[in-house]
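In: Can you look at this prediction? I've put the sequence above it.
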Amino acid sequence: MTTIGIPRALLYYQYYPMWKTFFEHLGVEVVTSEPTSRNTLAKGSTRVVADTCLPVKVFVGHVLSLVDKCDYIFIPAIRSLKSRTYNCAKFLGLPDMTRAVVPESPPILEIEIDVNRGKRYLYQSIYGLGRHFNWNPLRVREAATAAMEAFISYRGLMSESRLTPLQAIDDITGIPRREPVEPSIAPTTPSATIAVIGHAYLLYDEHVNYELIHRLEQYGARVLTPEMLTEHEREAAVARLVGRAYWTYEEDVVGAGGHYLQNEVDGVIGIMAFGCGPDSLMMEILRREAGNQQTTAFMCITLEEHTSETGVITRLEAFLDMIHRRKRRRVALCV
Amino acid sequence: METYLGIDVGSVTTKLAVLDEHDELVNHVYLLTQGRPIDMIQEGLRETRKQLPADCDVCGVSTTGSARYLAGVIVGADLVKNEITAHAVAALHYFPDVRTIIEIGGQDSKITIVRDGIVTDFAMNTVCAAGTGSFLDHQALRLDMSIEELSQRALASSAPVRIAGRCTVFAESDMVHKQQMGHRVEDILYGLCQALVRNYLSNVGLGKDIQPPIIFQGGVAFNQSIIRALQEELGMEIIVPPHHEIMGAIGAALLVHEEMATGGSSSQFKGFDQSEVKYRTSSFECKACPNNCEVARLSLNGKALAHWGGRCDMWERVAAIP
C-alpha cells in the first residue's frame, strides 16, 4: 500500500484528522513522525539558515525523520483561508523550502490553498493533490467531502468537550486518553484558570514549550486553549479588537486572547516563537488590551532553542503567584 | 529568638538574610557564587552561624534565585520561591506604596509593576543578557578596571558618547571604535551605562506603565552611574533601599515567615551543620526516551538526593523515594 508521511509539526495540530481522512479515502496509508525530541530539533536546525524560526526548524526535523518511512511526504502551502487575509512567508514557501533543504526526501506532495483565487482554483488544487492516487474526480471529491466532515467534527469535539488537539486526535484515533494531571503542590493555594493562547504548533509541542500546559496543571491550574472556543467567539474578539483579521491564524492569537481577557479566566499566557513577525504584532495588541482592561493578567512567553527550562518555569511560577496574591487580596477586601 | 532564613542563590552572587519574628534584619551574608553554588551555600551557612547570636532558633528557611531547587534540597527548605515574587514581597515590606520595582542582577533583569500593594504586571529579560550586570562586568574586565572603579569613573563624565546597547557584541565594537576616536574613558563608561539603561527600558520595560515611587534593587544598584542614568532617562527619582543587594533573600525569609505562621508546621531546616557535609554533583544523559535529557544529580555519600533537568518527572520521582 502506498504510504504518505505527515510531519507532526506546524499545521499538523490543526488539520491532521482532515488530511488523514482525505488520504485514507483514496486508499493511502498515513504515517506520522514521532513527537518532537531533542534529536528532531537538533537535526532540523543543522539544515536551515540560522535565523529560521524555531517551529520551522522543528518541522524540517520531522521531515527528516520521515525520509525512509514513506513513499510521499505531504506539505501544504496555505496562503489564505479567508478573503484578504495573509499568511507568514514561511508557510507560503514551505514545500519548496523543504525540497531545497531535504534533497533526500521522497517526493513532496503539496496543495496550495488560496481562497483569494476563488472556488474553482481551490477545487482544482484539491483534485491536483488527489489525482496522485486516484484519477477519478468523483472519488477525489468524495474524499474531500469526508475530509471536510472530519475537520468539522474535530473542531466541534474540541470546542464542545473542551479538548486540546492532542486529546481530540487521541480520541479520534482511538488512543486511550492520558490520566488527568495530579496537582503536585499543596491544595491550600486557590486554584486559578489560565488561558494559554498562540499557534497550535507551539502550544501542543511539549518539547518546544517545555511541557508548559502540563506544568500549569501540576501547579493546580485549569488550562483553557484557543481550540476550546467556537469559531464565532474567536471571530467576535478579532472584530472587537482589530476590526478585520489580517493574518491567517489571527483568530488563534488575537481572537482567543481577546476573548479570554474578557471571559472566564484569571490570566492569559501568550506563547510565541522568538523572531516571529506576525506574533510580535498580535501579542502587542493583546498586551495593550490587557493594559487597558486592568482586570485579567497577561504575560507573553517567547520560546527559543534554550535547552534550559528555568526561564519559563520562573515566569510561570511568578505569574501564578501574582494571580494567587491578587485573589487573596480580593477575598480579604470582601470579608 | 525566633528567626527566619532566606537564601538567594543567583548566577553571580549568593545572599543569605536572617530576619527575627518582627521581620527585622538580624544578619546577612553576601558572597560571589563563582559558578560553585553548593560551596557558596555552605560558606554562607558557616558565615551566618558565626555571626548569629547564640540564642537564635531557625523556625523557617526558604530559597530563591536560579539555584533555588538545588539550595532547597541542601538546606531542607520549607519554601522554594521564584525570585520575582521574592523581590516584590521584600520591596513591598519596606515601601508599602511602591509602584515600580526595577531589579537588575547578574544574568537577569526584571521589572515589576505594583498597584495598591499588589503585583499587577512583571517582565523579565528574554533571550539576551545585554541589559544586565554581566554586560558591565565584561566591559570593566576588558578595560582592565574593577566594577567599582567603573561606577565611580563614569560619574565624572561630562559629555557621554552614544553606544549601541542592543547587543553586547555590538556595544563592544562600538566602544572600541569610540576609544580609537580618542573619546575620554569617563565619557565612554557613562555612555555604556546609558546604553544598559536604554536596553533595559526598551526590552524589559517595554510597554510597562512605569510610575513613581520607583525602587531599584539587585546587585547593579551598587552602581552610582546606573542610578544616575536611570534617573535621567526616566526623569523620575529612583529610590535604592539600604539592603538592595539582598532583597531577594529578605523576600524569601518574609515569605517563609508568612508560610510558617499560616501553615503551623515545624521547619524542615537541616541545620547549619550542612555546611560541613560533602555533597557531590554529577550529570548524565538519560536514555529512557529519544529526548536524551541531561539530568543533574546531587548526591551525598554515594546516595542520590535529588535530580533535575529531565523533561519528565521520572528522575525526580526516584529521588523522592527515601
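Out: Noted; the coordinates are in hand. Residues are numbered from 1 along each chain as shown, chains lettered A, B, ... in the order given.
In: Can you pull the residues of chain B lying near chain A?
Out: Contact residues (CB under 8 Å from any CB of the partner chain) of chain B with chain A: B:66, B:81-85, B:117-122, B:124, B:126-127, B:207, B:209, B:263, B:289-294, B:309, B:311. Any C-beta I mention is one placed from the backbone N, CA and C, and that applies to glycine too.
In: Which residues of chain A lie near chain B?
Out: Residues of chain A lying near chain B by CB under 8 Å from any CB: A:34, A:37-39, A:188, A:206-207, A:210-211, A:274, A:284, A:287-288, A:291, A:294, A:297-299, A:302, A:304, A:306-308, A:310-311, A:313-315, A:317-319, A:321-322, A:325-326, A:329.
In: tally of neighbours for residue 84?
Out: Reading this off chain A. For A:Arg84, the neighbour count with other CB atoms under 10 Å in any protein chain shown is 10.
In: that's the wrong chain, I meant chain B
Out: 28.
In: cool, and A:Gly220?
Out: The burial count for A:Gly220: 20, using other CB under 10 Å.
In: can you check A:Val101 too?
Out: Neighbour tally, A:Val101, other CB under 10 Å: 18.
In: and it, how far is that from chain B?
Out: Note on A:Val101: its distance to chain B, by CB to the nearest CB, to the nearest Å, is 22 Å.
In: pLDDT at B:Cys128, what is it?
Out: On pLDDT, B:Cys128 comes in at 64.
In: Report the contact partners of the closest residue to A:Ile75 other than its chain neighbours.
Out: In space, and not counting its chain neighbours, A:Ile75 is closest to A:Pro95: 4.4 Å by CB to CB, 6 or more residues apart in numbering or on different chains. Applying CB atoms under 8 Å, 6 or more residues apart in numbering or on different chains, we find A:Pro95 in contact with A:75-77, A:108, A:110.
In: Now the residues you listed in JSON lines, please, with extra columns for secondary structure and pLDDT.
Out: What follows is the contacts of A:Pro95, written out as JSON lines (DSSP: H, G, I helix; E, B strand; the rest coil; pLDDT from 0 to 100):
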{"residue": "A:Ile75", "secondary structure": "coil", "pLDDT": "96"}
{"residue": "A:Pro76", "secondary structure": "coil", "pLDDT": "95"}
{"residue": "A:Ala77", "secondary structure": "strand", "pLDDT": "94"}
{"residue": "A:Ile108", "secondary structure": "strand", "pLDDT": "96"}
{"residue": "A:Glu110", "secondary structure": "coil", "pLDDT": "94"}
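In: for those residues, which one is nearest chain B?
Out: For the contacts of A:Pro95, the closest approach to chain B (CB to the nearest CB) belongs to A:Ile75, at 22.9 Å.
In: ok, that closest one touching A:Pro7?
Out: Yes. Assessed by CB atoms under 8 Å, A:Ile75 is found in contact with A:Pro7 at 7.4 Å.
In: what about the residue in the stretch 201-335 of chain A positioned nearest to chain B, how many residues close to it?
Out: Of all residues in the stretch 201-335 of chain A, A:Ala318 sits closest to chain B, at 3.6 Å by CB to the nearest CB. Counted with other CB under 10 Å, the neighbours of A:Ala318 add up to 24.
In: State the distance from it to B:Val75.
Out: 22 Å (CB to CB, to the nearest Å).
In: which regions of chain B sit below the pLDDT cut-off?
Out: The model of chain B has pLDDT under 70 over residues B:126-131, B:264, B:317-322.
In: at 80 instead, please
Out: B:106-107, B:125-132, B:165-171, B:263-265, B:289-293, B:302, B:308-322 (pLDDT under 80).
In: coming back round to it: show me just the buried residues among the residues of chain A next to chain B.
Out: Buried subset of these (neighbour count, 16 or more other CB atoms under 10 Å in any protein chain shown): A:37-39, A:206-207, A:210-211, A:274, A:287, A:297-299, A:302, A:310-311, A:313-315, A:317-319, A:321-322, A:325-326.
In: Inside strands: which ones of those?
Out: A:297-299, A:302 (DSSP state E).
In: Now distance to A:Ser125 and pLDDT too, for the residues you listed, in CSV please.
Out: CSV is the format used below for these (distance: CB to CB, whole Å; pLDDT from 0 to 100):
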residue, distance to A:Ser125, pLDDT
A:Ala297, 43, 91
A:Phe298, 39, 92
A:Met299, 40, 92
A:Thr302, 35, 88
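In: Neighbours of the residue of the stretch 201-322 of chain B found nearest chain A, how many?
Out: In the stretch 201-322 of chain B, the residue that lies nearest chain A is B:Pro290 (4.0 Å; CB to the nearest CB). The number of residues packed near B:Pro290 is 14, by other CB under 10 Å.
In: give me the element it is part of.
Out: For B:Pro290, there is no host helix or strand (DSSP states H and E).
In: need the contact list for it.
Out: Counting by CB under 8 Å, 6+ apart, B:Pro290 touches A:34, A:37-39.
In: Keep only those of these that are in helices.
Out: Judged by DSSP state H, the subset of the contacts of B:Pro290 located in helices is A:38-39.
In: can I see the domain layout of the chain?
Out: No chain specified, so I'll use chain A. Using automatic domain parsing, the domain parsing of chain A gives A:3-161, A:181-334.
In: I was thinking of chain B, sorry if that wasn't clear
Out: Split into domains by automatic domain parsing, chain B comes to B:2-87+B:247-276, B:96-240, B:279-320.
In: Point out the most buried one among these.
Out: domain B:2-87+B:247-276 (a mean of 21; mean count of other CB atoms under 10 Å in any protein chain shown).
In: picking up where we left off before, looking at the contacts of A:Pro95, spot the one nearest B:Gln51.
Out: Of all the contacts of A:Pro95, B:Gln51 sits closest to A:Ile75, with 65.4 Å by CB to CB.
In: burial count for that closest one?
Out: Other residues near A:Ile75 come to 23 when the count uses other CB under 10 Å.
In: which ones are touching it?
Out: By CB under 8 Å, 6+ apart, A:Ile75 lies in contact with A:7, A:63, A:94-95, A:98, A:108-110.
In: Ramachandran angles for A:Leu109?
Out: phi -90, psi 130 (degrees, to the nearest 10).
In: so it makes contact with A:Pro76?
Out: No. Counting by CB under 8 Å, A:Leu109 does not reach A:Pro76; the two are 9.2 Å apart.
In: Can you tell me which of the domains of chain A has the worst average pLDDT?
Out: The weakest mean pLDDT among the domains of chain A belongs to domain A:181-334, with a mean of 87.
In: Select the longest helix from chain B.
Out: Counting by DSSP H, the longest helix found in chain B is helix B:185-203.
In: and the next element down the chain from that helix?
Out: Downstream of helix B:185-203, the next assigned helix or strand under DSSP H and E is strand B:214-217.
In: Given that following strand, what are its sheet partners and their directions?
Out: Paired strands of strand B:214-217, with direction, are strand B:100-104 (parallel), strand B:238-239 (parallel) (DSSP bridges).
In: which residues are contacting the following helix or strand past the first one?
Out: Remark: after strand B:100-104, the chain's next helix or strand is strand B:109-115, criterion DSSP H and E. For strand B:109-115, the external contacting residues (CB under 8 Å, 6+ apart) are B:83-84, B:87-88, B:91-92, B:98-103, B:119-125, B:131-132, B:200, B:204-205, B:208-210, B:218, B:220.
In: what about the helices in the stretch 201-335 of chain A?
Out: A:212-218, A:231-242, A:250, A:256-262, A:277-293, A:310-334 (DSSP state H, counting those that start in this stretch).
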